[in-house]
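Peer 1: Sequence first, predicted coordinates after that:
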Amino acid sequence: MDRFFIPLIAIAIILSGCNDQKLAKTNDTHEIVYYRSDSHDNIVYDEALIDIKDQYPKEVSIEIFYENQLEEDPYHVKTFPSLYVVKNEEVLVKIRGEIKEEKEIIEKVQQILVPEKESQIESNK
């Protein structure tokens, strides 16, 4: 029963922050395109996205696609779950399939976000 409610709560939290991010999206924003499926275990991806959104609220926007929404999918994904990090229409990171720990996802996304955040801090000095 908990395995059903945890993903729903996670998605609700992620989506609650996404609406504002879509309005505030700029060229400095990375878009995380997350592909979810009800037939796969998505909990590691869900938890990683919550952590990423908490750590980088202004640097990322999140768009979620479900397996039944693929007609709207700009990247033609066939592996679920999947997560793409996109900036200026260029895919910078692709994470696909089963991942054992959320830190694997977080670290791959941070490799893109942290250097850019540090360079922004340097340029503001």
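Peer 2: Nice, I can see it.

Peer 1: Buried residues, stretch 32-49. List them.
Peer 2: 32-36, 40, 42, 44-49 (16 or more other CB atoms under 10 Å). In this view, the C-beta of every residue, glycine as well, is placed from N, C-alpha and C.

Peer 1: mean confidence for that stretch?
Peer 2: The average pLDDT for stretch 32-49 rounds to 91.

Peer 1: what distance separates the start and the end of that stretch?
Peer 2: End-to-end distance of stretch 32-49 (CA to CA, to the nearest Å): 9 Å.

Peer 1: what do you get for stretch 62-74?
Peer 2: One end of stretch 62-74 to the other measures 14 Å (CA to CA).

Peer 1: rewinding a little: tell me the one of the buried residues of stretch 32-49 nearest residue 73?
Peer 2: Distance to residue 73 across the buried residues of stretch 32-49 (CB to CB) is lowest for residue 35, with 7.5 Å.

Peer 1: on that earlier part again, save the buried residues of stretch 32-49 as a markdown table, and put in secondary structure and distance to residue 95 too.
Peer 2: Formatted as a markdown table, these follow (DSSP: H, G, I helix; E, B strand; the rest coil; distance: CB to CB, whole Å):
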| residue | secondary structure | distance to residue 95 |
| --- | --- | --- |
| 32 | strand | 10 |
| 33 | strand | 11 |
| 34 | strand | 10 |
| 35 | strand | 10 |
| 36 | strand | 13 |
| 40 | coil | 13 |
| 42 | coil | 12 |
| 44 | helix | 10 |
| 45 | helix | 8 |
| 46 | helix | 13 |
| 47 | helix | 14 |
| 48 | helix | 9 |
| 49 | helix | 11 |
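
Peer 1: Closest one of those to residue 91?
Peer 2: residue 33 (8.6 Å).
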